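In: I'll drop the sequence and a predicted model, then ask my questions.
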Amino acid sequence: MTRPDETEILRREMQQFLYAVSHDLQEPFRKVRTFSQRLAARLEGRLDESMRGDLERIQSAAVRGQGMIEGLLVLSRLETHGGPLAEVDLNEVLSGVCLELQEKIAASAAVVTIEPLPTISADADQMRLLFLSLVDNAIKFQWGDKPPTVRVFALEGDAVSQWRIAVEDNGIGLEEQYADRIFTVFQRLHPRDVYPGLGLGLAYCRKIVDRHHGSIRYEKGEEGGTRFVVTLPMRPQQTQPSH
């Protein structure tokens, strides 16, 4: 057995382990939520403010824990349960993303501009999650009360072997020193009560572009916000079959 074969076996075993552990950990969190809710109902009227606060924090922590486990499940399935490559029109993908985010767009008065994008060979569901995560981030990390502006556009590639797609915003931006750290699972740079979330969106993005033999990187946006550049090969290598 060659070393690449051994590496592939270890990678798959790790993915299977992650999936199994994530799946099994769901049940304890469900029980914590259920029994804390029952306890609150039984003791209704007998709890002081401090006790109610403690129960609410228990329930909130259980919900957050479940969300983190579900996020790990999604992350593991991105590689082990990916769909086949097919022709994907990114204009249609982004139109669907905007429909999914229409409530957030309206609530924040965001302006999302989608410029002409290419049709690529990719996993359609994963392209949806990739750009959903990037556009959602662009809307979420707005600068104070300033309405978010989000622009999705194609950059010049080498016109032979790769596509380069940028998602740019006018939000709070990012210090260069955190440019790689932000793609780490559960990585957060801001307080949860200010910018909610689990810190998984950009980890999804990196896993997806890795599966497509591409890359993603952060750049400073022209308006001081963020610009994420996704590079994908025009003729991607065939990804591993799903399981």
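Out: The structure has been received and is ready for your questions. What you see is a predicted model; the values in this text were computed from it and never measured.
In: for the rest of this, base every contact and every neighbour count on C-alpha atoms.
Out: OK.
In: quick check: I172 is in a helix.
Out: No. If the criterion is DSSP: H, G, I helix; E, B strand; the rest coil, then I172 is coil and not within a helix.
In: wait, what's in contact with it?
Out: Contacts of I172 were listed using CA atoms under 8 Å, 6 or more residues apart in numbering, and they are F141, Q142, W143, G224, G225, T226.
In: 10 Å instead, please
Out: When contacts are counted by CA atoms under 10 Å, 6 or more residues apart in numbering, I172 touches A138, K140, F141, Q142, W143, G144, P148, E223, G224, G225, T226.
In: could you give the number of residues near the last one?
Out: Right, the one you point to is T226. Using other CA atoms under 10 Å, T226 has 25 neighbouring residues.
In: please apply the same query to the third one.
Out: Neighbour count of F141, defined by other CA under 10 Å: 20.
In: and what of L130?
Out: 23.
In: rewinding a little: return the closest of the contacts of I172 with respect to G173.
Out: Within the contacts of I172, proximity to G173 (CA to CA) peaks at G225, which comes in at 4.0 Å.
In: any idea which of the contacts of I172 is least confident?
Out: Among those, E223 has the lowest pLDDT, at 72.
In: got a winner among the contacts of I172 for most neighbours?
Out: Using other CA under 10 Å as the neighbour criterion, A138 leads the contacts of I172 with 27 neighbours.
In: not counting sequence-adjacent ones, nearest residue to the residue nearest the centre of the chain?
Out: Closest residue to the average C-alpha location of the chain: G201 at 1.8 Å, with CA atoms, centre = their mean. Among residues not flanking G201 along the chain, S133 sits closest, at 5.2 Å (CA to CA, 6 or more residues apart in numbering).
In: got it, and V111?
Out: The shortest distance from V111 to any non-neighbouring residue, by CA to CA, 6+ apart, is to T149 (4.8 Å).
In: can you show me the helices along the protein?
Out: Here the chain has its helices, by DSSP state H, at 3-42, 49-80, 90-100, 102-108, 124-140, 201-211.
In: what would those helices look like in a markdown table with distance to I182?
Out: Listed next are these as a markdown table, based on distance: least, CA to CA, whole Å:
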| stretch | distance to I182 |
| --- | --- |
| helix 3-42 | 21 |
| helix 49-80 | 15 |
| helix 90-100 | 22 |
| helix 102-108 | 22 |
| helix 124-140 | 12 |
| helix 201-211 | 7 |
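In: what separation do you get for the residue nearest to G201 and I139?
Out: According to CA to CA, to the nearest Å, S133 stands 10 Å off from I139.
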